[in-house]
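1. mind looking at a prediction? Sequence and model below.
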Amino acid sequence: MELLQNLALGMSVVMTVDNLMYCFFGALLGTVVGVLPGVGPVVTIALLLPMTFGLPAVTAIIMLAGIYYGAQYGGSTTAILMKLPGEPSSVVTAIDGHAMAQKGQAGVALGIAAIGSFIAGSIAALFMALFSPALASLALKFGPADNFALMAFGLIGAVVLARGDPLKAIAMVLTGLAFGLVGTDVSSNQARLSFGFSSLADGISFVVISMGLVGVSEIIANLERPEGERSIQHRIGKVWPDRAAFAASWRAILRGTGIGSLLGVLPGAGAALAAFTAYSSEKKLAKDPSRFGRGAIEGVAGPESANNAAAQTALVPLLTLGLPSGASTALLLGALTIQGIVPGPQIMDDMPDLFWGVIASMWIGNIMLVVLNLPLIGLWVRMMRIPYRLLYPAILLFCAIGVFSLSSNPADVFLTAIFGLLGYVFIKLDCDPAPLLLGFILGPLMEEDFRRALIITQGDFGVFVTRPISATLLAAALVLLITLLVPAIRRGREVAFQE
Amino acid sequence: MSSFSSLLSGHAPSRGLSRALRQKDFLAGLLFLLIGIVVTVQGAELAQGSAQRMGPGYLPLRLGLLLGALGFVIALRGLRGADDPLPAFAPLPIVAGTAGLLGFGFAIETTGLVPASALLIVAARVASWKGARFELPLLVLALSAIVGVIFRYGLGLPVDLWPGWGN
């Protein structure tokens, strides 16, 4: 019954006028920015982060959670209507979702995506409430060596999921770790890698890195592509799915929820893997698999439920272990740090109102998403027709002003320009920025745990293999690494990605 | 290994070299190698300490070496691999985007939010001049109004809207 008490506490936190309002604004802004063409969920979250910095911690994280799932949903909308998946997790939605849209069933596809996401989100929130305390009490036994091993495992997980070549993804992780070292060393108070610039003495802000590497670089890359004819479906049709559509998709929704809830918890796995797995399992279970790719409603319902469930359960390792599973959750971790919150197993005891408030806000946020999206789909379609030449100056301006608002320092804007150029070079070199972001955010935490572990053992590196938790995690990371680098298995992974 | 050894032994070095300089993986490896070297050199200048009491340079040095080594491997592999040339860069969007941000950064403290925003938008639009005649002024007007309301009044960002006005 502790669970009910906790949920009641969470509800009482969310049910204030302020928190409900910011939850609503977060979901609305996340969706609005997320549906804009060329603006994926990671960019959406990065752009909207500065709006939450002035809020009290609990309100800020509730609004961030709203932005986070609003952005995910907005991404699915562009995937269905324009076949433009903003991130890997909605790639499979684009296949059958857009096929449905071309048959004049865009409304039903969006409707089932919203309803599936809502069901998945509600069940995933319950899943979080049930399993987070267990995971947190396990994590309380973690020493510094175990924490280090856990983060190393998480980083390797991010490499598995990164697009393209694993060696380059590992190099990106290391580059991110190196960027994370910039600034004053906490124990010696000496400036590191700051090249004498005073504005680098406090380190690089993660907002600068993410806006530059993801936001600015994508604008430049988008601009060089010719803005050809976009195929936006104008006819939406009815939105509320009829009985036959429900009958065809409720099993897919529940299966997707299960797959997503489980895979979301794995470090590095997250929403994209969940969506892929749900899609291929629906295709395997279908009586007539040939319908897939031509507008099968299960091909929308399954992956959409799975990526939403995974997006939510990904918050379990984030909040209880301090371990982000992808670029979006890494940004949330950065935002929490700015709020002075260090996620970890103690967060449930120290800040129960925050933890349970976030869980409760997921239910509320998911309800808001359905309420927002079903009537507003027509508006989203109109927003998608905004030409990019009007959009990109706005995005660039929000990047500039958002970065400037961090500490009213123009140097941050210049630094963003530099990271924008670097990010553009990375795009040209086929280097996915997500592992870099993750390495950057986890770097300082890993260094601290690494140092502490070795202070305790007086410099004995054996601690990483003699402690059972650390040894298990490092062994798991090693196995992952080997499977990545052995060519035969790698080919299998490429096939899986193409499916 | 063929192109790399031909590069070393001098067989058709110019063709091998110019091909190499276009390979994505070779260039990516070089970039990581370069970052690794910078981190290593910077880390080596700082106190190292011991594993028990790490100095500020302990991890940067080791991380830099690891990154540099990995960059070297990636570059080497890029020479051996199938032809995968770097796509062309588009100069106009690069210049427009960068100039917009730099202009904003230089203007924001002296001229205030609205002129800095206008500067950014106009500079950015260099990359895409299409559209009706009144589009650009309207865009400038609308966007600076929006950011003014959100950031100056909504979020209380301490910045002038115009030179010397708004605080």
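-> Received it, and whenever you're ready, just let me know what you need. Numbers count the residues shown, from 1 in each chain, chains lettered A, B, ... in the order given.
2. please see if the longest helix seen in chain B touches chain A.
-> As assigned by DSSP state H, the longest helix anywhere in chain B is helix B:58-80. Yes. With Cβ under 8 Å from any Cβ of the partner chain as the criterion, chain A is reached by helix B:58-80 at B:59-60, B:63-64, B:66-67, B:70-71, B:73-74, B:77. Bear in mind the C-beta positions are built from the backbone N, C-alpha and C, glycine included.
3. of those residues, just the buried ones, ChimeraX syntax please.
-> Here is the ChimeraX command that selects the buried residues among these (16 or more other Cβ atoms under 10 Å in any protein chain shown):
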select /B:59,60,63,64,66,67,70,71,74,77
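4. TSV for the residues of helix B:58-80 next to chain A, including pLDDT?
-> Shown next, in TSV, are the residues of helix B:58-80 next to chain A (pLDDT from 0 to 100):
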residue	pLDDT
B:L59	93
B:P60	94
B:L63	96
B:G64	96
B:L66	97
B:L67	97
B:L70	97
B:G71	97
B:V73	95
B:I74	94
B:R77	90
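5. and the gap between the residue nearest in space to the middle of chain B and chain A?
-> Centroid check for chain B by Cα atoms, centre = their mean gives B:T98 as the closest residue, at 9.4 Å. Separation of B:T98 from chain A (Cβ to the nearest Cβ, to the nearest Å): 5 Å.
6. could you double-check that that residue lies in contact with A:F419?
-> No. B:T98 is beyond contact range of A:F419, at 11.0 Å (criterion: Cβ atoms under 8 Å).
7. contacts only, for the residue minimising distance to the centre of chain A.
-> Centroid check for chain A by Cα atoms, centre = their mean gives A:S328 as the closest residue, at 2.9 Å. Residues near A:S328 by Cβ atoms under 8 Å, 6 or more residues apart in numbering or on different chains: A:41-42, A:45, A:68, A:71-72, A:311.
8. of all these, which two lie farthest apart?
-> Largest separation among the contacts of A:S328 by Cβ to Cβ: A:V42 and A:A311, giving 12.2 Å.
9. ok, these two, which is more surrounded?
-> A:A311 (31 against 25; other Cβ atoms under 10 Å in any protein chain shown).
10. please identify which helix or strand holds that one.
-> Per DSSP states H and E: A:A311 is located in helix A:298-313.
11. near chain B, which residues of the stretch 351-499 of chain A?
-> Counting by Cβ under 8 Å from any Cβ, the stretch 351-499 of chain A sits next to chain B at A:387-390, A:392-394, A:396-401, A:404-405, A:408, A:410-411, A:413-414, A:416-417, A:420-421, A:424-425, A:428-431, A:447, A:450-451, A:454-455, A:458-461.
12. quick check: PyMOL command selecting the buried ones in those residues.
-> Entered in PyMOL, the line below selects the buried ones among those, by 16+ other Cβ under 10 Å:
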select buried, chain A and resi 388+389+390+392+393+394+396+397+398+399+400+401+404+405+410+411+413+414+416+417+420+421+424+425+428+429+430+431+447+450+451+454
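13. looking at the residues of the stretch 351-499 of chain A next to chain B, which are in strands?
-> Nothing among those maps onto strands, per DSSP state E.
14. host element of the residue nearest to A:F276 when sequence neighbours are not counted?
-> In space, A:F276 comes closest to A:V92 once its chain neighbours are excluded; the distance is 6.1 Å by Cβ to Cβ, 6 or more residues apart in numbering or on different chains. Using DSSP H and E, A:V92 maps to helix A:91-102.
15. please state the mean pLDDT value computed over the helix holding A:A311.
-> Throughout helix A:298-313, pLDDT has a mean value of 91.
16. helices and strands around it, which ones?
-> Helix A:298-313 is packed against helix A:57-82, helix A:91-102, helix A:106-139, helix A:243-265, helix A:270-285, with contacts defined by 3 or more Cβ pairs under 8 Å, 6 or more residues apart in numbering or on different chains; DSSP states H and E.
17. show me which residues of the longest one are buried.
-> Buried positions in helix A:106-139, judged by neighbour count with 16+ other Cβ under 10 Å: A:106-129, A:132-133, A:135-136, A:139.
18. list the contacts of B:L34.
-> Taking Cβ under 8 Å, 6+ apart, we find B:L34 in contact with B:G71.
19. mind checking how far it is from A:A272?
-> Distance, B:L34 to A:A272, by Cβ to Cβ, to the nearest Å: 31 Å.
20. then A:L454?
-> Distance from A:L454 to A:A272, by Cβ to Cβ: 35 Å.
21. next, the angle from the helix or strand hosting A:T337 to helix A:270-285.
-> Take DSSP H and E as the rule and A:T337 turns out to sit in helix A:327-338. Angle of helix A:327-338 versus helix A:270-285, following axes from the mean of the first three to the mean of the last three Cα atoms, to 10 degrees, is 150 degrees.
22. interface residues of the stretch 201-350 of chain A facing chain B?
-> A:216, A:219-221, A:223-224.
23. now with 6 Å, please.
-> With Cβ under 6 Å from any Cβ of the partner chain as the criterion, the stretch 201-350 of chain A meets chain B at residues A:216, A:219-220, A:223-224.
24. below-threshold pLDDT in chain B: ranges please.
-> B:1-16, B:165-167 (pLDDT under 70).
25. now the most far-flung residue of it relative to its centre, nearest residue through space, not along the chain?
-> The centre of chain B is farthest from one residue, B:Q52, which by Cα atoms, centre = their mean lies 36.5 Å away. Of all residues not flanking B:Q52 in the chain, A:G459 sits nearest, at 3.4 Å (Cβ to Cβ, 6+ apart).
26. about what we covered before: need the helices and strands packed on helix A:298-313 in JSON lines (columns: mean pLDDT).
-> As requested, these are exported to JSON lines (pLDDT from 0 to 100):
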{"stretch": "helix A:57-82", "mean pLDDT": "86"}
{"stretch": "helix A:91-102", "mean pLDDT": "87"}
{"stretch": "helix A:106-139", "mean pLDDT": "88"}
{"stretch": "helix A:243-265", "mean pLDDT": "89"}
{"stretch": "helix A:270-285", "mean pLDDT": "85"}
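27. switch these over to CSV; also include distance to A:V208.
-> What follows is the helices and strands packed on helix A:298-313, written out as CSV (distance: least, Cβ to Cβ, whole Å):
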stretch, distance to A:V208
helix A:57-82, 18
helix A:91-102, 29
helix A:106-139, 30
helix A:243-265, 28
helix A:270-285, 24
